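Q: Sequence plus predicted model, see below.
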Amino acid sequence: MTSTSLLVVSTAAAGAALVNSPNKVEALALMPSPLSGSHAVLRAGGLQQYYNRRTMRSSPHLNRRKSVSLNFPLNYMNMEGVDQMNVTDPSVGGLSGSSLGSVLDLVDNDVVSAAVDAVMDGHHQPSHDSGDVISLDASTTTSFLPKELPIVEEDVRVIESPELKVEEADHPSVEKIIKFTLPAIGVWLCSPVLSMIDTASVGMLAGTAQQAALNPAVSVTDYGSILVAFMYTATTNLIAGSVEKDKEGGNDVQNRTTETLITALRLALLIGVVFGTTLSSFAPKFLSLLIGNDALDPAVFSSALRYVRIRCLGMPAAVVIGTAQSACLGMKDVRSPLYVLAAAAGINLIGDMLLVGNANPWLGGASGAAWATVFSQWGAMAMFLKWLTTKAKAKEVSAVAGVDDNVLNAEVKAPARGILASKYKPSSVLKLLSLRKNKTAKKFLPFLVPVTTTSIGRVSGYLTMSHVASSALGTLDMAAHQIAISIFCCLSPLVDALNTVAQSFVPSIFARPKSKQRALALRKTSLNFAKVGAMAGLAIVTLVTCGVPLLSRLFTTDPRVLSRVKNAIPGIAIFLGFDGLMSIGEGTLLGHKDLAFLRNSYATFFFLVPAFMLRLKRKALKGIPVGLGTMWSTFSAYEVVRTVLWLSRVAYLQWKTESEANDIEEEQKIGATL
């Protein structure tokens with residue numbers, strides 16, 4: 001950057017004189033900044049602030065070709081190179097004869113006069129933006145840049161501009177994480193809400209037998225879906241990294257992001273078709289394994305089987321929806337999924353009301369709930385694809401600002417809106433043959449085994465607890481456990497959402513070139529997430545302690561069951577209290593793509609957690625008192641171990657990142673001296 005001097009009126013009085021003059025100076029100077037970074041020039045009576053190219057990039061709606069009016073002593077000056085410079089009549093009456101000096105003292109009058117004469121003679125076409133302002137192009141203005149102006153120490157002081165510090169802009173703050181987490185919780189709650197709609201509708205409109213069929217059927221479809229969960233984790237990470245690379249390259253079209261997104265959607269559709277077909281074929285076997293015996297009413301088993309097979313018809317759409325939702329989170333857009341999934345919930349509710357009460361076994365009861373879910377999934381998929389491939393309708397662009405504020409705000413709130421509009425249509429997702437030679441599709445493969453293993457390991461503990469409760473603890477403990485696990489599943493998304501939020505922010509920082517700035521950003525990001533995780537844990541512990549005794553009364557009036565639920569409260573509180581820190585730790589590790597560590601850890605937990613739970617079963621069968629409180633306490637110990645392990649790993653990766661940055665800096669210093 002060429003160093004040139006600041007064009008600064010030496011005192012506030014001179015600035016005031018300019019303001020009061022009949023011919024205001026539209027722009028004092030537009031030139032390269034002599035100071036690095038973002039600074040503010042502070043002087044008596046006024047503040048002059050100017051921005052570097054980074055500011056201009058972060059505010060694309062600003063018109064770089066507009067001059068900045070000096071109409072009050074507190075004025076802003078753009079000190080970066082631009083395409084043109086505006087000057088007015090060189091006679092500034094308010095400064096004439098002033099002992100304070102004139103703006104014209106800073107330039108060469110002969111050069112200015114020659115330039116103006118060139119314009120008036122027709123060598124340059126003036127642009128009359130307002131009044132008598134004359135526009136000169138860059139080739140003209142470079143010939144009369146200001147003279148060197150010494151900066152007087154007592155008149156001018158340079159201070160850092162707090163709002164533009166790099167270290168505050170390149171990592172998410174605690175406030176930003178919280179604001180992003182709140183709507184993300186809504187995304188996490190969508191699936192439980194849909195299940196609640198089905199359960200309530202079937203129970204009220206179809207009877208107990210049909211409602212009982214939902215228990216094994218929903219377990220098969222929901223737990224089976226963990227086999228495609230790798231697509232969601234991979235999409236969030238890859239999209240976040242692509243967004244960061246597009247920003248680094250100054251690519252407004254977001255080529256990397258759009259290519260990754262369309263590949264993810266096509267791959268999701270293909271995987272959904274394969275998964276739905278496989279699940280439908282093996283549904284009888286899966287249901288038999290889950291039930292474990294032949295005592296179940298054949299009518300209930302048949303209803304459950306119909307439910308699973310109907311739901312399999314919606315699996316392609318379900319995987320595409322989950323992938324699109326994950327992509328939005330990778331773009332730090334939590335509003336778009338909420339809009340679409342809220343509409344899907346409405347479709348599901350209407351479908352349940354219309355179909356569940358039907359007497360036909362393939363259209364009513366549990367089957368009716370399945371059809372309603374399938375319709376809502378395909379409808380949500382169509383809306384999502386339309387949302388991603390259609391830009392918001394822009395109103396007439398403001399002549400002054402250069403952009404419609406309403407459109408700008410909409411894009412900021414929902415950046416995924418219309419991201420594919422420039423190249424693709426909703427039907428583009430159907431072009432599955434393009435995946436054969438697609439290099440981007442191969443980037444999803446490394447997530448398959450680690451994330452699937454992680455998902456299976458995560459649910460193994462819940463399955464084992466349900467097995468122990470139903471096989472060894474008795475009827476009262478079974479009822480109490482069902483209440484406890486129901487409340488637990490409603491509360492856990494409040495902190496589990498932090499996992500997704502961490503995956504939305506960390507990959508973009510991790511994708512930056514290795515440097516001390518990157519290491520510092522990762523450190524501050526981890527610390528801020530840890531703060532939010534700790535606060536969320538404390539809040540949910542309070543909620544569990546005070547809320548579970550009250551909520552449990554909504555499920556039963558039996559005092560013996562309520563007392564057993566009360567015994568489980570300490571274990572539930574400990575588990576959820578650590579769950580916030582565990583979630584941010586796991587999300588950070590996924591953001592670092594530390595997949596092998598997570599795979600190996602969950603493979604170990606897959607065997608260890610059931611082993612400890614089965615020990616409780618053996619004790620109970622031997623007559624040793626083992627209650628619900630003991631089982632939940634054992635489960636909470638697993639959570640504590642997992643949290644400590646995750647955070648220790650994050651600390652190690654941070655140390656490794658900082659060591660690499662230091663080594664790179666040392667190598668650069670050595671190279672500079674050679």
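A: Great, that's in hand.

Q: Tell me the helix or strand right after the helix or strand harbouring Lys179.
A: Here Lys179, judged by DSSP states H and E, is contained in helix 174-205. Moving toward the C-terminus from helix 174-205, the next helix or strand (DSSP H and E) is helix 208-224.

Q: which helices and strands sit right next to the helix or strand following that next one?
A: Following helix 208-224 in sequence order, the next helix or strand is helix 229-248 (DSSP H and E). Helix 229-248 is packed against helix 255-291, helix 315-330, helix 448-472, helix 493-510, helix 559-591, with contacts defined by 3 or more C-beta pairs under 8 Å, 6 or more residues apart in numbering; DSSP states H and E. (Glycine included, C-beta is placed from N, CA and C.)

Q: Could you export the next helix or strand after the third one as PDB, CA atoms only?
A: Meaning helix 448-472. Toward the C-terminus, helix 448-472 is succeeded by helix 475-491 as the next helix or strand (DSSP H and E). Output of helix 475-491 as PDB, limited to C-alpha atoms (Å, rounded to 0.1, in the frame of the first residue of the first chain):
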ATOM      1  CA  THR A 475     -43.400 -52.800  37.100                       C
ATOM      2  CA  LEU A 476     -43.200 -49.700  39.300                       C
ATOM      3  CA  ASP A 477     -39.700 -48.900  38.200                       C
ATOM      4  CA  MET A 478     -40.600 -49.500  34.600                       C
ATOM      5  CA  ALA A 479     -43.400 -47.000  34.900                       C
ATOM      6  CA  ALA A 480     -41.100 -44.500  36.700                       C
ATOM      7  CA  HIS A 481     -38.400 -45.000  34.100                       C
ATOM      8  CA  GLN A 482     -40.800 -44.300  31.200                       C
ATOM      9  CA  ILE A 483     -41.800 -41.000  32.900                       C
ATOM     10  CA  ALA A 484     -38.200 -40.100  33.600                       C
ATOM     11  CA  ILE A 485     -37.000 -40.900  30.100                       C
ATOM     12  CA  SER A 486     -39.900 -38.900  28.600                       C
ATOM     13  CA  ILE A 487     -39.000 -35.800  30.600                       C
ATOM     14  CA  PHE A 488     -35.300 -36.300  29.900                       C
ATOM     15  CA  CYS A 489     -35.900 -36.500  26.100                       C
ATOM     16  CA  CYS A 490     -37.900 -33.200  26.300                       C
ATOM     17  CA  LEU A 491     -35.200 -31.400  28.200                       C
END
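
Q: Helix 475-491: which residues count as buried?
A: For helix 475-491, a neighbour-count test (16 or more other C-beta atoms under 10 Å) marks 477-485, 487-488, 491 as buried.

Q: Stretch 269-281 too?
A: Neighbour-count burial for stretch 269-281 flags 269-272, 275-276, 279-280 (criterion: 16+ other C-beta under 10 Å).

Q: Kindly reformat the residues you listed as CSV containing distance to Asp198 and pLDDT.
A: Conversion of the buried residues of stretch 269-281 to CSV gives the following (distance: C-beta to C-beta, whole Å; pLDDT from 0 to 100):
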residue, distance to Asp198, pLDDT
Leu269, 24, 96
Leu270, 27, 96
Ile271, 24, 96
Gly272, 20, 95
Phe275, 20, 95
Gly276, 18, 95
Leu279, 18, 95
Ser280, 19, 95
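
Q: Which of these sits closest to Phe635?
A: Leu279 (28.4 Å; C-beta to C-beta).

Q: OK, contacts around that closest one?
A: 220-221, 224, 286, 308, 312, 315 (C-beta atoms under 8 Å, 6 or more residues apart in numbering).

Q: Thr199: which of those is nearest?
A: Nearest to Thr199 out of the contacts of Leu279 is Thr221 (C-beta to C-beta; 13.4 Å).

Q: Pretty sure that closest one sits against Arg309.
A: No - counting by C-beta atoms under 8 Å, Thr221 does not reach Arg309; the two are 10.1 Å apart.

Q: More neighbours: those two, which one.
A: Neighbour count, other C-beta atoms under 10 Å: between Thr221 and Arg309, Thr221 has more, with 23 against 18.

Q: mind checking pLDDT for Pro192?
A: We note a pLDDT of 67 for Pro192 in this prediction.

Q: Please report the distance of Tyr462 from Pro610.
A: Counting by C-beta to C-beta, to the nearest Å, the separation of Tyr462 from Pro610 is 11 Å.

Q: I meant Met465, not that one.
A: Taking C-beta to C-beta, one finds Met465 at 9 Å from Pro610.

Q: who's more crowded, those two?
A: Higher neighbour count among Met465 and Pro610: Met465, with 22 against 18, using other C-beta under 10 Å.

Q: dump the residue contacts of that one.
A: Going by C-beta under 8 Å, 6+ apart, Met465 touches 481, 485, 613, 631, 635.

Q: which one of these is nearest Val565?
A: Taking C-beta to C-beta as the measure, Val565 lies nearest His481 of the contacts of Met465, at 8.6 Å.

Q: give me every residue that touches the closest one.
A: His481 neighbours (C-beta under 8 Å, 6+ apart): 465-466, 469, 473, 568, 628, 631.

Q: With Val459 instead?
A: Applying C-beta under 8 Å, 6+ apart, the residues contacting Val459 are 223, 226.

Q: what sits up against stretch 598-609?
A: With contact meaning C-beta under 8 Å, 6+ apart, stretch 598-609 is reached by 449-451, 453-454, 456-458, 460-461, 464, 586, 589-590, 635, 638, 642, 645.

Q: Could you say which helix or strand holds Lys669?
A: Using DSSP H and E, the element containing Lys669 is helix 628-673.

Q: for that helix, what is the average pLDDT?
A: Mean per-residue pLDDT for helix 628-673: 90.

Q: how much does the one helix or strand Ala530 maps to deviate in direction from helix 559-591?
A: Secondary structure from DSSP H and E places Ala530 in helix 516-552. Counting by axes from the mean of the first three to the mean of the last three C-alpha atoms, to 10 degrees, helix 516-552 lies at 170 degrees to helix 559-591.

Q: so which of the contacts of Met465 would you say is closest to Thr323?
A: Thr323 lies nearest to Ile485 out of the contacts of Met465, by C-beta to C-beta, at 28.5 Å.

Q: so how far is Leu614 from that closest one?
A: Going from Ile485 to Leu614 by C-beta to C-beta gives 18 Å.

Q: Can you name the residues that contact the closest residue to Ala511 other than its chain neighbours?
A: Closest residue to Ala511 apart from its sequence neighbours, by C-beta to C-beta, 6 or more residues apart in numbering: Gly241 at 4.0 Å. Shown in contact with Gly241 (C-beta under 8 Å, 6+ apart): 507-508, 510-511.

Q: again, 7 Å this time
A: Each residue near Gly241 by C-beta atoms under 7 Å, 6 or more residues apart in numbering is listed here: 507-508, 511.

Q: Mind listing what's buried along the helix holding Lys179?
A: Within helix 174-205, the residues that qualify as buried by neighbour count (16+ other C-beta under 10 Å) are 177-178, 180-181, 184-190, 194-195, 197-198, 201-202, 205.

Q: Can I get the helices and strands packed on helix 229-248 in TSV including distance to Lys439?
A: What follows is these, written out as TSV (distance: least, C-beta to C-beta, whole Å):
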stretch	distance to Lys439
helix 255-291	9
helix 315-330	18
helix 448-472	17
helix 493-510	19
helix 559-591	22
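
Q: from those helices, which stretch is densest packed?
A: Of all the helices and strands packed on helix 229-248, helix 315-330 has the most neighbours on average by mean count of other C-beta atoms under 10 Å, namely a mean of 27.

Q: Give me the residues contacting it.
A: Residues from elsewhere that reach helix 315-330, judged by C-beta under 7 Å, 6+ apart: 187, 228, 231-232, 235-236, 239-240, 243, 261, 264-265, 268-269, 271-273, 275-276, 279, 336-337, 377-378, 380-381, 384, 388, 416, 500, 504.

Q: Could you list the low-pLDDT ranges of the protein?
A: Along the chain, the model assigns pLDDT under 70 to residues 1-169, 187, 190-192, 196, 249-253, 291-296, 393-413, 470-471, 555-556.

Q: For Gln668, which of the helices and strands packed on helix 229-248 is the nearest?
A: Comparing the helices and strands packed on helix 229-248 by C-beta to C-beta, helix 493-510 comes nearest, at 21.0 Å.
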